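Visitor: here is a sequence together with a model predicted from it:
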Amino acid sequence: MLASYLTMAAILFCIGLYGALVKRNAVIVLLSIELMLNAVNLNLVAFSKYGVVPSINGQIFALFTITVAAAEAAVGVAVLIALFRARGTIKTDEFDELRR
């Protein structure tokens, strides 16, 4: 059972890594980062259930990760809205310098 969870998490993480590294749209990059965090959560919960010493610690860490991911999404969307208002685009290629 553990191997199927770890395989699924590895697939999710690879899809998220591909999206974060290759895609040019900042919204897609944020979604890819969220996908990678969900893969980590899946690993935490799987190891807390089927690990050598099953405990609830992995599930507690997963809840903290979900909280951090929600805060990251809120801040990330706010930054993207500000960048879109300032530059008129959300393509990551055009965010190469900081301005006032």
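Guide: Right, received. Where do you want to start?
Visitor: scan the chain for its longest helix.
Guide: Ranked by number of residues, the top helix in the chain under DSSP state H is helix 57-87.
Visitor: what helices or strands is it leaning on?
Guide: When contacts are defined as 3 or more Cβ pairs under 8 Å, 6 or more residues apart in numbering; DSSP states H and E, helix 57-87 sits against helix 26-50. Yep, even glycine has a C-beta here, placed from its N, CA and C like the rest.
Visitor: what about the nearest residue to Thr65 once chain neighbours are set aside, how many neighbours?
Guide: In space, and not counting its chain neighbours, Thr65 is closest to Asn41: 5.4 Å by Cβ to Cβ, 6 or more residues apart in numbering. If you count neighbours by other Cβ atoms under 10 Å, Asn41 ends up with 21.
Visitor: before we move on, back to that, tell me what angle the longest helix of the chain forms with helix 26-50.
Guide: Inter-element angle recorded for helix 57-87 and helix 26-50: 180 degrees (by axes from the mean of the first three to the mean of the last three Cα atoms, to 10 degrees).
Visitor: pLDDT on helix 57-87, on average?
Guide: When pLDDT is averaged over helix 57-87, the result is 92.
Visitor: pull out the buried residues from it.
Guide: By 16 or more other Cβ atoms under 10 Å, the buried positions in helix 57-87 come out as Gly58, Phe61, Ala62, Ala69, Gly76, Leu80, Leu83.
Visitor: the residue nearest to Thr65 contacts Val68, doesn't it?
Guide: No. The pair Asn41 and Val68 fails to qualify as a contact (Cβ atoms under 8 Å) at a distance of 10.6 Å.
Visitor: what is the burial count for Leu35?
Guide: 18.
Visitor: er, Ile28 I mean
Guide: Neighbourhood size, Ile28 [other Cβ under 10 Å]: 15.
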